[in-house]
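Student: the sequence and its predicted three-dimensional model are supplied below.
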Amino acid sequence: MDFDLFWSSLGPLLLGAVRGTIPLALASFALGLVIALLIAMMRISSSKLANGVGRVYISLIRGTPLLVQLFVIFYGLPAIGVKIDPWPSAIIAFSLNVGGYAAEVIRAAILSVPQGQWEAGHMIGMSRNQTLLRIILPQAARVSVPPLSNTFISLVKDTSLASLILVTEMFKVAQQVAAFSQEFMLLYLEAALIYWVICLILSTVQTRVEKRLDRYVAH
């Protein structure tokens with residue numbers, strides 16, 4: 001093991017995480033939550049068409065590998081005249097994937113709020129949309145924090161797939177350094193270590209947020 005190479009490559013890998021991995025995960029997760037909320041609303045809608053479209057979307061996303069979705073967007077769409085650069089392709093693919101999984105989390109969280117909350121909103125003169133925004137979603141948000149946090153942690157690790165469509169994130173940097181130095185085991189283990197540390201930090205933040213929310217509800 002070349003520990004001099006380990007320390008000299010640590011900076012570029014961390015820079016790849018700060019400039020590539022983390023921004024890619026944050027942007028994709030934020031957009032994915034918007035998609036998820038929209039799909040969740042379709043799934044609880046009384047409209048059979050909206051419900052059906054939402055159901056098909058979730059089935060399609062959850063029934064196909066993320067790597068295939070990524071390749072369809074970056075390598076497949078140019079075949080029909082739609083060419084998208086690596087970064088936007090990665091964000092679109094990851095966002096659509098997050099939307100498919102998070103939609104069911106949000107739908108379940110909304111349905112977990114007692115029906116009486118809807119009725120209470122109606123009794124004080126709120127419309128259905130006002131009740132949803134002011135009463136239901138704040139309660140559902142607390143319930144959905146743990147599973148959505150797990151989704152984000154998984155997304156951070158999944159961003160390594162973006163290296164396959166030429167996105168320069170942390171794992172791509174590790175591949176480049178490994179190809180130059182021929183120290184593949186060392187560089188890939190180093191990348192794995194950094195992913196692990198990032199996920200440990202995120203898990204710690206998740207735990208503290210959950211405890212804070214629990215204290216708030218308890219009072």
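Tutor: Alright, I've got the coordinates.

Student: work out for me the element the closest residue to residue 66 other than its chain neighbours sits within.
Tutor: Leaving aside its sequence neighbours, residue 66 sits nearest to residue 97 (Cβ to Cβ, 6 or more residues apart in numbering; 5.2 Å). (Each C-beta comes from the backbone N, C-alpha and C, glycine too.) Residue 97 is part of helix 86-112, with elements assigned from DSSP states H and E.

Student: on that earlier part again, and the residue nearest to residue 66, how many neighbours?
Tutor: Here the number of neighbours of residue 97 (other Cβ atoms under 10 Å) works out to 24.

Student: what about residue 210, how many neighbours?
Tutor: Residue 210: 14 neighbours (other Cβ under 10 Å).

Student: ok, residue 39 next?
Tutor: Using other Cβ under 10 Å: residue 39 sits among 23 other residues.

Student: may I see the buried residues of the host helix or strand of residue 57?
Tutor: Using DSSP H and E, residue 57 sits in helix 48-62. When burial is assessed from 16 or more other Cβ atoms under 10 Å, helix 48-62 yields the following buried residues: 50, 54, 57, 58, 61.

Student: now pLDDT too, for the residues you listed, in TSV please.
Tutor: TSV is the format used below for the buried residues of helix 48-62 (pLDDT from 0 to 100):
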residue	pLDDT
50	93
54	94
57	97
58	96
61	96
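
Student: return the distance of the longest helix along the chain from the chain's centre.
Tutor: What stands out as the longest helix in the chain, according to DSSP state H, is helix 184-218. What separates the centre of helix 184-218 from the centre of its chain is 14 Å, taken as Cα atoms, centre = their mean, to the nearest Å.

Student: and what of stretch 21-30?
Tutor: 7 Å.

Student: ok so, going back, report the angle between the helix holding residue 57 and helix 86-112.
Tutor: 120 degrees (axes from the mean of the first three to the mean of the last three Cα atoms, to 10 degrees).

Student: packing partners for helix 48-62?
Tutor: Judged by 3 or more Cβ pairs under 8 Å, 6 or more residues apart in numbering; DSSP states H and E, the packing partners of helix 48-62 are helix 22-43, helix 86-112.

Student: quick one on the thing from earlier: and the helix holding residue 97, what's buried?
Tutor: So for helix 86-112, counting by 16+ other Cβ under 10 Å, buried means 86-87, 89-107, 109-110.

Student: now the buried residues of helix 48-62 in JSON lines, with distance to residue 192?
Tutor: Converted to JSON lines, the buried residues of helix 48-62 look like this (distance: Cβ to Cβ, whole Å):
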{"residue": "50", "distance to residue 192": "42"}
{"residue": "54", "distance to residue 192": "36"}
{"residue": "57", "distance to residue 192": "33"}
{"residue": "58", "distance to residue 192": "31"}
{"residue": "61", "distance to residue 192": "27"}
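
Student: done for today, thanks.
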